[in-house]
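J.: I need the structure of the sequence given here:
(one chain, ligands or ions: 1)
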Amino acid sequence: MRIDRLCWEFNRDCKLTNVVDKVNEIIDCIWMNKYEIREYVKDFFKDVEMCKRCVQPVTRPKVYFNEEGICGACLWEEQKKGINWEEREKELSGIVKWAKKEASKRGSYDCVIGVSGGKDSTFTALYARDRLGLNCLLVNAAPAQQTRIGQHNIDNLLSLGFDVVTLKVNPIFLRKLIRKDFYEHLNTSKPTEYPLWASSYQMALGYNIPLVIQGENAALTLGVRKDGSSLDGNAIMGGSINTRSGGNAFEVYGGYDGIDEKDLLLYKFPSIELLKKADVHAIWLQYYAREWSQYGNARVAIMNGMHVRDDTLSNLGRIHKWSCLDNDFHMVNQFFKFVKLGFGFATDEVCYDIREGLLTREQGLELVEKYDGLVGDEYIKCFCDYVGIGFDEFFKVVMKWLPKKKQ
Ligand SMILES: [Zn+2]
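T.: As a prediction, this is how the structure comes out:
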């Protein structure tokens, strides 16, 4: 349809004789706008298989589905009902006891927790200190272009009475890596994920801290199981698993545009051997805490001073305003995910809410239809300014990643 219209316009305006060839020649220079892209993607993935209980699509990388078509996250929700939480509480209190004893021997903090100041990390920090009685060191690996709300939420943790270390990687190199990943993978989250996941383990080694506490285990919450993720409470492999799909940071980025290994030390996840030698243990709090939930964590964090997004759901492409608060590239990256895989962040949130009994599947599908794949122009502009490109270049690259219909 587009080509026909274009042909007609060329024919009329330019009086070109070989219009179709000319159009084929310049078709690479024509880009759809974000709404047209959204419609194209929705149409392309309209028959994709989904979990029978939530709306999780099979296109999520490494997702697990059982033979009845139920996703791993829904299976976990079912398993939760049969969990003996008292047993887990006992196991956790044994770990806490050990960490305190070790810390007093080592003269260090009891535990280290990676924080963004968002709902999960604020909940984790408060739970560790106030419920478990741990002396916590919080580590914030700041993202590229931290938002005002993100900074407020880190300051909020300080005002709640925590020690916080902020790590900032070289912004010039980070920008280069994000730009590289935009062009090569249309996924710009990896360069910030490496330091984010590595930092708490690095701090544990550096400060001789016995325990690392991670919040959410994606193997449980997203139903991702095909990468060897553990389903127990042990998070010693947590950081490496969450970045494993991108490989080791040195292998992925070393040597690129003047960046070598010594420039990527904050991106490096310590080896398991090194962590074992230093007797560092790590746990997923989600595994042990019965109270862990998206809504519950958000409520606790907001009640304790966390700020949420001040924008419309259509601009955010979400159904809640309480997630991923510390950088604006998240919305753009979720748009990229939508383009490549046919689902964005609204789908993720809807899945959480269906599993927590807050939405029916039908209500969830309506919300996905309404919000998934949307992104505000200001976020796209912010990203374009950061990587030094215009809107035309942005959409030209995005269009290259659109799934192609079979002829
Ligand atoms: Zn499901």
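J.: which residues does Q79 contact?
T.: Residues counted as contacts of Q79 (CB atoms under 8 Å, 6 or more residues apart in numbering): none. Where C-beta positions appear, they are placed from N, C-alpha and C, glycine not excepted.
J.: Let's verify I283: helix, strand, or coil?
T.: Counting by DSSP: H, G, I helix; E, B strand; the rest coil, the backbone at I283 sits in strand.
J.: and the gap between it and L158?
T.: 24 Å (CB to CB, to the nearest Å).
J.: more neighbours, the two?
T.: I283 (24 against 14; other CB atoms under 10 Å).
J.: Quick one: neighbours of G133, just the number.
T.: 11.
J.: Dihedrals phi and psi, the closest residue in space to it that isn't next to it in sequence?
T.: Counting by CB to CB, 6 or more residues apart in numbering, G133 lies nearest to V96, which is 7.3 Å off, once chain neighbours are set aside. The phi and psi values for V96, taken as degrees, to the nearest 10, are phi -60, psi -40.
J.: Can you give the distance of stretch 191-205 from its chain's centre?
T.: Distance of stretch 191-205 from the chain centroid (CA atoms, centre = their mean, to the nearest Å) equals 15 Å.
J.: what's around K34, how many residues?
T.: When neighbours are defined as other CB under 10 Å, K34 has 20 of them.
J.: I'd assumed F335 was in contact with it.
T.: Yes: when contacts are counted by CB atoms under 8 Å, K34 is listed as touching F335 (7.3 Å).
J.: anything in contact with each of the two?
T.: L374, V375, I380.
J.: Of those residues, which ones also sit close to the ion?
T.: When CB under 5 Å from the ion is applied, no member of the shared contacts of K34 and F335 is adjacent to the ion.
J.: Tabulate those (a markdown table), appending neighbour count.
T.: A markdown table is the format used below for these (neighbours: other CB atoms under 10 Å):
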| residue | neighbour count |
| --- | --- |
| L374 | 23 |
| V375 | 24 |
| I380 | 19 |
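J.: Looking at these, which is nearest Y109?
T.: Nearest to Y109, judged by CB to CB, of the shared contacts of K34 and F335 is V375 at 39.2 Å.
J.: Please name the residues that touch the closest one.
T.: K34, N315, G317, M331, V332, Q334, F335.
J.: can you tell me which residues contact the second one?
T.: Put plainly, it is N315. M331, L374, V375, G376, E378, Y379.
J.: Please tell me how far it sits from the ion.
T.: 27 Å (CB to the ion, to the nearest Å).
J.: where does that residue land on pLDDT?
T.: pLDDT, the model's per-residue confidence, is 96 for N315.
J.: The last one now?
T.: In this model, F335 is scored at 97, pLDDT.
J.: Count residues in the vicinity of it, would you?
T.: F335 has 27 nearby residues by other CB under 10 Å.
J.: Touching, it and Y35? I think so.
T.: No: using CB under 8 Å, F335 makes no contact with Y35, being 11.6 Å away.
J.: May I ask which helix or strand encompasses S199?
T.: Using DSSP states H and E, S199 sits in helix 190-206.
J.: about what we covered before: could you report the neighbour count for the residue nearest to G133?
T.: 21.
J.: now do W31
T.: 17.
J.: Show the contacting residues for it.
T.: D392, F395, K396, V398, M399 are the contacts of W31 under CB under 8 Å, 6+ apart.
J.: quick revisit: which residues are in contact with the residue nearest to G133?
T.: V96 neighbours (CB under 8 Å, 6+ apart): D110, L132, G133, L134.
J.: List buried residues within those residues.
T.: Among the contacts of V96, those classed as buried by 16 or more other CB atoms under 10 Å are D110, L132, L134.
J.: wait, which of these is closest to the ion?
T.: L132 (30.9 Å; CB to the ion).
J.: any idea how far the closest residue to the closest one other than its chain neighbours is from V63?
T.: Spatial nearest neighbour of L132, excluding adjacent residues (CB to CB, 6+ apart): V96 at 5.0 Å. Distance from V96 to V63, counting by CB to CB: 33 Å.
J.: And the contacts of stretch 264-281?
T.: Contacts for stretch 264-281 (CB under 8 Å, 6+ apart): 95, 98-99, 102, 141, 167, 169, 173, 191, 194-195, 197-199, 201-202, 204-205, 208-212, 236-237, 239-240, 243, 248-250, 253-254, 282.
J.: can you give me the end-to-end distance of that stretch?
T.: The first residue of stretch 264-281 is 24 Å away from its last residue (CA to CA, to the nearest Å).
J.: got it, and stretch 107-120?
T.: First residue to last in stretch 107-120 (CA to CA) measures 28 Å.
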